[in-house]
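S.K.: sequence first, predicted coordinates after that:
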Amino acid sequence: MAERKTGDGRTVVSGPAKMTPSEAFVETMVANGVTDIFGIMGSAFMDAMDIFAPAGIRLVPVVHEQGAAHMADGYARVSGRHGVVIGQNGPGISNCVTAIAAAFWAHSPVVMITPEAGTMGTGLGGFQEANQLPMFQEFTKYQAHVNNPKRMAEYTARAFDRALSEIGPTQLNIPRDFFYGEIETEIPEPQRLDRGPGGDKSLAQAAELLATAEFPVIISGGGVVMSDGVEECKALAERLGAPVVNSYQHNDSFPASHPQWCGPLGYQGSKAAMKLISQADVVIALGTRLGPFGTLPQHGMDYWPKNAKIIQIDADHKMLGLVKKITVGICGDAKAAAAALTERLADRTLASDATRDERAGRIKAEKDAWEEELTEWTHEKDPYSLDMIAEQEQEEGNWLHPRQVLRELEQAMPPRVMVSTDIGNINSVAHSYLRFEEPRSFFAPMSFGNCGYALPTIIGAKAAAMDRPAIAYAGDGAWGMSMGEIMTAVRHDIPVTAVVFHNRQWGAEKKNQVDFYDRRFVAGELESESFAGIARAMGADGIVVDKLEDVGPALKKAVDAQMNDGRTTVIEVMCTRELGDPFRRDALSKPVRFLEKYQDYV
């Protein structure tokens with residue numbers, strides 16, 4: 001039997017051969033470079049699982065399948081390769097839906113393998129039977145259903161190919177009885193697209209706009225990270241002398257040490273970034289769909305430049321002009337497009353050349369002002385937060401201001417750090433304090449905004465990059481949804497560090513009750529045992545921090561334990577109940593009541 005070598009040194013059968021469908025399934029994953037799968041074992045795929053080990057594939061058993069899919073997401077986003085998740089048919093699969101939705105909005109090449117009830121029982125309402133394709137149809141780029149065991153390798157290969165070509169999750173649905181039998185098949189070689197910069201016409205139009213721009217601004221989006229195009233984005237920015245802002249939750253798409261970096265747009269983003277883009281006459285949206293949540297008014301500023309000409313570059317043509325009106329749309333790879341534009345502008349005299357030094361001074365001034373404001377912004381200053389600070393000064397124990405904690409954590413971050421943030425108030429405030437020097441370093445739940453994201457995602461990221469420090473941020477509400485995955489990190493030697501902001505409340509939604517419902521708090525309060533203590537009970541280390549001077553040392557100690565001793569640590573930070581801005585002031589309206597018994601509830 002002929003064999004061929006894979007890129008990682010393993011072998012895969014070459015040419016037509018007799019095998020079982022399970023072997024065809026596993027061999028196709030080997031051909032696609034799969035070394036790690038996240039999930040919980042199940043009888044539905046046990047015949048294939050039995051040969052994972054000799055194929056060089058590790059199945060990482062998790063606590064809950066949602067965590068497995070988040071881990072696959074983190075793994076994919078760090079490595080640029082497929083993240084793979086699998087579970088038992090029915091409930092094991094349905095548990096993954098939320099995390100696959102998050103991966104969809106993160107454009108992660110996750111392959112969701114969904115073994116299904118057997119074909120002879122379909123429609124009879126048998127044990128763990130479910131129609132699994134509709135569950136994921138909104139959150140996948142492609143759905144493969146193996147309709148005959150002889151097509152196992154074909155459909156498996158296509159699911160892996162499409163995850164990369166379509167830049168998002170795919171589903172591979174396999175009736176459980178189709179793993180068995182004898183077939184003659186061939187393992188397909190992976191197909192990988194060679195993406196180009198876009199069409200000549202649109203590139204020429206964009207170059208003309210940039211040549212005449214007086215104050216161009218670049219938005220560096222997730223597409224820059226996914227295409228490994230940071231250096232090309234830098235070259236374009238330096239040719240233009242343009243400020244570079246990060247798109248929402250893509251703080252790692254441009255190095256923070258670069259003099260033209262200005263920070264992220266969107267919720268709890270950088271005022272410097274917002275003030276500078278508001279002055280733009282031409283905006284280059286590089287590798288970003290310009291999602292609505294990432295361009296909403298913030299800090300009291302409606303900063304989007306309504307009269308600017310917009311050049312949008314995205315690998316998905318359906319995103320061009322979808323959210324914001326654009327002047328030029330380029331369907332192309334962010335890296336290739338940036339390089340092509342830089343080349344077209346290399347020997348031209350640009351309108352902005354004459355003001356390069358002046359614009360550099362403006363960039364520096366806005367950044368310096370924002371850094372000074374952040375440093376002085378030690379606590380929230382709205383009436384509710386001030387009341388909470390005064391109230392907690394009377395309570396037993398020490399309570400730290402979240403902004404001060406975030407600044408201390410920022411300053412203690414190790415080189416090459418990877419950080420995931422959960423959804424929530426403090427986690428969002430963290431956007432202003434998280435800065436990175438290399439791509440594939442920052443992971444957030446993006447537009448789906450689900451709780452319980454940060455810990456499993458950073459475990460998956462760590463599994464893909466064991467040489468890098470891995471840190472998760474979570475509020476105490478979101479933490480409760482996924483903290484059981486600490487056991488996964490401990491059991492399987494994937495050490496991470498988690499920072500839990502313990503402020504005893506569902507902060508993001510509670511802020512709406514402050515602003516719209518006269519501080520009538522319903523279901524927003526949380527009282528919990530020590531999360532550090534729970535971590536210790538799960539086999540990790542736990543540290544409680546209630547003094548500001550201990551924040552940085554605690555993080556450094558935990559990262560040292562992670563990198564040198566393989567230890568997972570939960571740092572529990574005791575925070576005040578102050579709250580930052582709500583997610584969206586336009587999302588709610590002041591209450592109106594007509595019935596007499598509700599008249600006081602306005």
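M.R.: That came through, no problem.

S.K.: what is the burial count for Gly484?
M.R.: Per other CB atoms under 10 Å, the neighbour tally for Gly484 reads 17. Yep, even glycine has a C-beta here, placed from its N, CA and C like the rest.

S.K.: correct me, but it touches Val63?
M.R.: Yes: counting by CB atoms under 8 Å, Gly484 sits close enough to Val63 to count as a contact (4.1 Å).

S.K.: the nearest residue to Thr122 once chain neighbours are set aside in helix, strand or coil?
M.R.: Nearest residue to Thr122, sequence neighbours excluded (CB to CB, 6 or more residues apart in numbering): Glu129, at 7.1 Å. At Glu129, secondary structure determined by DSSP: H, G, I helix; E, B strand; the rest coil is coil.

S.K.: these two touch, right, Glu129 and Thr119?
M.R.: No: using CB under 8 Å, Glu129 is not in contact with Thr119; the gap is 11.3 Å.

S.K.: so those two - more neighbours on which side?
M.R.: Counted by other CB under 10 Å, Glu129 and Thr119 do not tie: Glu129 has more neighbours, with 16 against 12.

S.K.: and the residue nearest to Thr122, how close does it get to Ala338?
M.R.: 49 Å (CB to CB, to the nearest Å).

S.K.: what residues does the longest helix along the chain touch?
M.R.: Longest helix of the chain, by residue count under DSSP state H: helix 356-376. For helix 356-376, contacts defined as CB atoms under 8 Å, 6 or more residues apart in numbering pick out 215, 241-243, 259-260, 262-263, 270-272, 275-276, 352, 403, 407, 432-433.

S.K.: next SSE after that helix?
M.R.: Using DSSP states H and E, the helix or strand that follows helix 356-376 towards the C-terminus is helix 383-393.

S.K.: show me which residues of that following helix are buried.
M.R.: The neighbour-count check on helix 383-393 (16 or more other CB atoms under 10 Å) flags Tyr384, Ser385, Met388, Ile389, Gln392 as buried.

S.K.: as CSV, could you dump the C-alpha coordinates of that helix?
M.R.: Taking C-alpha atoms only, helix 383-393 is exported to CSV below (Å, rounded to 0.1, in the frame of the first residue of the first chain):
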residue,chain,number,x,y,z
PRO,A,383,-23.4,58.8,40.6
TYR,A,384,-24.1,55.1,41.0
SER,A,385,-20.4,54.1,41.1
LEU,A,386,-19.6,56.9,43.6
ASP,A,387,-22.4,55.6,45.8
MET,A,388,-21.0,52.0,45.6
ILE,A,389,-17.5,53.2,46.4
ALA,A,390,-18.7,55.0,49.5
GLU,A,391,-20.9,52.1,50.5
GLN,A,392,-18.1,49.6,50.2
GLU,A,393,-15.7,51.7,52.2
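
S.K.: ok, and what's touching that helix?
M.R.: The contact list for helix 383-393 (CB under 8 Å, 6+ apart) reads His379, Glu380, Trp399, His401, Val514, Arg519, Thr576, Arg577, Glu578, Leu579.

S.K.: pipe those residues into TSV and attach distance to His107, neighbour count and pLDDT per row.
M.R.: TSV is the format used below for those (distance: CB to CB, whole Å; neighbours: other CB atoms under 10 Å; pLDDT from 0 to 100):
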residue	distance to His107	neighbour count	pLDDT
His379	36	15	94
Glu380	33	21	93
Trp399	39	21	94
His401	35	18	96
Val514	34	20	90
Arg519	39	11	92
Thr576	36	23	95
Arg577	36	19	93
Glu578	34	24	92
Leu579	31	24	89
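
S.K.: widest-spaced pair of those?
M.R.: By the measure CB to CB, His401 and Arg519 form the most distant pair in the contacts of helix 383-393, at 20.4 Å.

S.K.: residue furthest from the geometric center of this structure?
M.R.: Farthest-out residue of the chain from its mean C-alpha position, per CA atoms, centre = their mean: Glu596, at 46.6 Å.

S.K.: state the mean pLDDT of stretch 209-229.
M.R.: On average, the pLDDT along stretch 209-229 is 98.
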